[in-house]
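**Student:** Here you go, sequence then predicted model.
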Amino acid sequence: MMWLQTLQRKWFKTLSIAGTLLTVAAMTLIEAPPASAAATKKSKQAVTAAETTARRYAEAMGAGNTVVVGQLDFACQYSIVAAAPHGLKNYPTESDPIYDSCWQRLREAHASTLIRTDVGMEVLWPSSGELVFFSEDVHRYPASAFVTELLGVTPPGTGFHTHIVGSTPLPSASFRLRPNGPIVAVPTTLVKLSIRYQDPLTAPVTYAAGSVKWTTTIKRTRRALKEVTVQWVVLSGLKKHGFAGDQAIVNLPVTSGSIFGSGAQEQIPFVTETSHALPQSLVWWGPTDSQGLLTAAAARAAIFPELRDRVAMLNRVLIIDPNHVEALMVLSRHLYAIILREAVPFHKLTVNDPALALVVNEQFWNIYSQSVRMDLSLGMEMGGFDKPTTADYLYRMLSAMQTLAVVRPEQLDNRFRLGVALRWNNDQDVSIETHQFARSLPPRYFPMVQRRSTHLVVVARSPDRPLSREASHLTQSQKKSSPRPIQRHARPVFS
């Protein structure tokens, strides 16, 4: 009897599990049609012809394909059709000079983005050749400026990726093919493409969001552009009006509609939108995007033979990550060495011992900074010089050292050099304050303090100032045990 009850309980449990499985299967089958229908609906959302045309145009621009760009550019095709009484059946051959002519017009429209204004030590990588820099609001530039061949496969660009964001129909565009001819209307679509640049070291540059404009003496912050959404105006149904292709991009207008001569010029084509970048879509490269690449770039910059190349690469790293420690260290050390080397033509002393040469050159700038100080205050841009001056090196070095002192305060050598550089910049009180940390250093750092003790001197002209008395006391206590004669006998520059 017990055996029968046990068998019944097991049988009931088996039926219960089977029923549960059947219920789950039934629910799956019931819910499957809607999910399948959603997947089918998503797959049916194919890319439209207008979106394909916009993408082809952008990729042809980046590849420098003048023929495809000319065939898809409305302004280029309009000039051909307007000159043909019966329209066109086929595109001109690839050797036709019209494509080069249209390409040249585009290059002229992009010329304002290639004007280099990075003078002195503000130069950005690539240091030579062309740098794409959008110095105005991005909506002022034609859409093609963001996909030029300089940003594509042509050096220094390393390419970009395009992604279709979407498209929206617009009111029909209208235009005349000939003066006093009938006005024709064609369907028009606004297509949005996302342009993503692959390499932060060659990406185009813009000013940072919120930068002060117009009348200001403050240097505006620059950023490396990572991604931007560009809208394109695409015209369709052109074949029936004599065009060789059925679709074309309105990148630049044939005529702008502005005042010309004695009257207003007709706008061709007349459209409600223009092809340009969307200002709110800008995304810039940041510190966390490619940390390994930035570190490698800083190391690479350190071995460049030319100072301009070194500074350009490090500046590029620092507009992406302003607190990049390796870049700040390399930049500040190299500029400090250059400033010391700049002292030699002035004092004309031959010092063979490197340690002694360091002290001599530093002391020269200490004295010079308290006298005429012309070379420490007049930069290349302000003075109208054709090459950077010592002031350019000093100003760029100071900002790097100050940032490094904040992000890496344990870098004591940088803090010592920062105090020296501030003195060269005629900031005596700040220089003394910067060096006050030396008083609290443990004994193992005493040799480093001895090497720098000649800079902890009285730099203010009035001996009654508290900072002057502190600096004098610190100097005298350090000079007594200095192992170098030039440091034991160093005297304050001013007392």
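**Tutor:** All right, it came through fine.

**Student:** Enumerate every residue touching I115.
**Tutor:** By CB atoms under 8 Å, 6 or more residues apart in numbering, the contact set of I115 is 133, 135. Glycine gets a C-beta too; all of them are placed from N, C-alpha and C.

**Student:** Phi first, then psi, for it.
**Tutor:** Main-chain torsions, I115, degrees, to the nearest 10: phi -80, psi 120.

**Student:** Not counting sequence-adjacent ones, nearest residue to F133?
**Tutor:** Among residues not flanking F133 along the chain, V205 sits closest, at 4.6 Å (CB to CB, 6 or more residues apart in numbering).

**Student:** roughly how far apart are that neighbour and Y197?
**Tutor:** The gap separating V205 from Y197 is 11 Å, by CB to CB, to the nearest Å.

**Student:** mind listing what's buried in the host helix or strand of A327?
**Tutor:** Assigned by DSSP states H and E, A327 belongs to helix 325-342. Using 16 or more other CB atoms under 10 Å as the burial criterion, the residues of helix 325-342 that qualify are 326-336, 338-340, 342.

**Student:** Who are the packing partners of whichever helix or strand comes after that helix?
**Tutor:** As assigned by DSSP H and E, the chain's next helix or strand after helix 325-342 is helix 344-347. Where contact means 3 or more CB pairs under 8 Å, 6 or more residues apart in numbering; DSSP states H and E, helix 344-347 is packed against helix 354-368.

**Student:** helix, strand or coil for the nearest residue to D118 once chain neighbours are set aside?
**Tutor:** Distances taken as CB to CB, 6+ apart put L124 closest to D118, at 5.2 Å, once the chain neighbours are dropped. Here L124 is recorded as coil under DSSP: H, G, I helix; E, B strand; the rest coil.

**Student:** So for the biggest strand by length in the chain, what gets flagged as buried?
**Tutor:** Longest strand of the chain, by residue count under DSSP state E: strand 160-176. Neighbour counts over strand 160-176 (16+ other CB under 10 Å) mark 160, 162, 167, 170, 172-173, 175 as buried.

**Student:** Poorly predicted segments of the stretch 1-150 of the chain, please.
**Tutor:** Where the stretch 1-150 of the chain drops to pLDDT under 70, the residues are 1-45.

**Student:** quick one: the helices in it?
**Tutor:** Secondary structure of the stretch 1-150 of the chain, counting by DSSP state H, counting those that start in this stretch: helices at 2-43, 49-63, 66-72, 74-83, 98-110.

**Student:** what angle sits between the second one and strand 160-176?
**Tutor:** Taking axes from the mean of the first three to the mean of the last three CA atoms, to 10 degrees, one finds that helix 49-63 is oriented at 120 degrees with respect to strand 160-176.

**Student:** same question, the last one
**Tutor:** With the same axes, to 10 degrees as the basis, helix 98-110 and strand 160-176 are set at 100 degrees to each other.

**Student:** Centre of the chain to helix 98-110, how far?
**Tutor:** In terms of CA atoms, centre = their mean, to the nearest Å, the centre of helix 98-110 is found 26 Å from the chain centre.

**Student:** Give me the angle between that helix and helix 74-83.
**Tutor:** When the same axes, to 10 degrees is applied, the directions of helix 98-110 and helix 74-83 differ by 140 degrees.

**Student:** send the alpha carbons of helix 98-110 over as PDB?
**Tutor:** Output of helix 98-110 as PDB, limited to C-alpha atoms (Å, rounded to 0.1, in the frame of the first residue of the first chain):
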ATOM      1  CA  ILE A  98      35.000  69.400 -65.100                       C
ATOM      2  CA  TYR A  99      35.700  67.100 -62.200                       C
ATOM      3  CA  ASP A 100      38.900  68.900 -61.300                       C
ATOM      4  CA  SER A 101      37.200  72.200 -61.700                       C
ATOM      5  CA  CYS A 102      34.500  71.200 -59.300                       C
ATOM      6  CA  TRP A 103      37.000  69.800 -56.800                       C
ATOM      7  CA  GLN A 104      39.000  73.000 -56.900                       C
ATOM      8  CA  ARG A 105      35.800  74.900 -56.000                       C
ATOM      9  CA  LEU A 106      35.400  72.700 -53.000                       C
ATOM     10  CA  ARG A 107      39.000  73.200 -51.900                       C
ATOM     11  CA  GLU A 108      38.500  76.900 -52.000                       C
ATOM     12  CA  ALA A 109      35.500  76.600 -49.800                       C
ATOM     13  CA  HIS A 110      37.600  74.600 -47.300                       C
END
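
**Student:** Packing partners of it?
**Tutor:** Counting contacts by 3+ CB pairs under 8 Å, 6+ apart, helix 98-110 is packed against helix 66-72, helix 74-83.

**Student:** Show me the contact partners of it.
**Tutor:** With CB under 8 Å, 6+ apart as the test, helix 98-110 has contacts from 61, 66-67, 69-70, 73, 75-76, 79-80, 92, 141-142, 144-145, 148, 251-252.

**Student:** wait, which of the buried residues of helix 325-342 is closest to P187?
**Tutor:** Closest approach to P187 among those (CB to CB): A327, at 51.6 Å.

**Student:** returning to what we had before: for the buried residues of helix 325-342, work out which two are farthest apart.
**Tutor:** Maximum distance among the buried residues of helix 325-342 (CB to CB): 24.8 Å, for E326 and E342.

**Student:** Which neighbouring elements make contact with the helix or strand that contains D413?
**Tutor:** D413 belongs to helix 412-424 when assigned by DSSP H and E. Helices and strands touching helix 412-424, by 3+ CB pairs under 8 Å, 6+ apart, are helix 325-342, helix 354-368, helix 390-407, helix 428-435, helix 446-451.

**Student:** Recalculate using a threshold of 6 Å.
**Tutor:** helix 390-407, helix 428-435 (3 or more CB pairs under 6 Å, 6 or more residues apart in numbering; DSSP states H and E).

**Student:** Those into TSV, with extra columns for distance to L225, mean neighbour count and mean pLDDT?
**Tutor:** Below are the helices and strands packed on helix 412-424 laid out as TSV (distance: least, CB to CB, whole Å; neighbours: other CB atoms under 10 Å; pLDDT from 0 to 100):
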stretch	distance to L225	mean neighbour count	mean pLDDT
helix 390-407	23	21	95
helix 428-435	36	21	81
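
**Student:** Tabulate the ones you listed (a markdown table), appending distance to F304.
**Tutor:** Formatted as a markdown table, the helices and strands packed on helix 412-424 follow (distance: least, CB to CB, whole Å):
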| stretch | distance to F304 |
| --- | --- |
| helix 390-407 | 16 |
| helix 428-435 | 30 |
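
**Student:** and S377, what does it touch?
**Tutor:** Taking CB atoms under 6 Å, 6 or more residues apart in numbering, we find S377 in contact with A391.

**Student:** Where does pLDDT dip in the stretch 301-450 of the chain?
**Tutor:** By pLDDT under 70, the weakly predicted segments of the stretch 301-450 of the chain are 441-450.

**Student:** and if we set it to 80?
**Tutor:** Scanning the stretch 301-450 of the chain for pLDDT under 80 picks out 381-384, 435-450.
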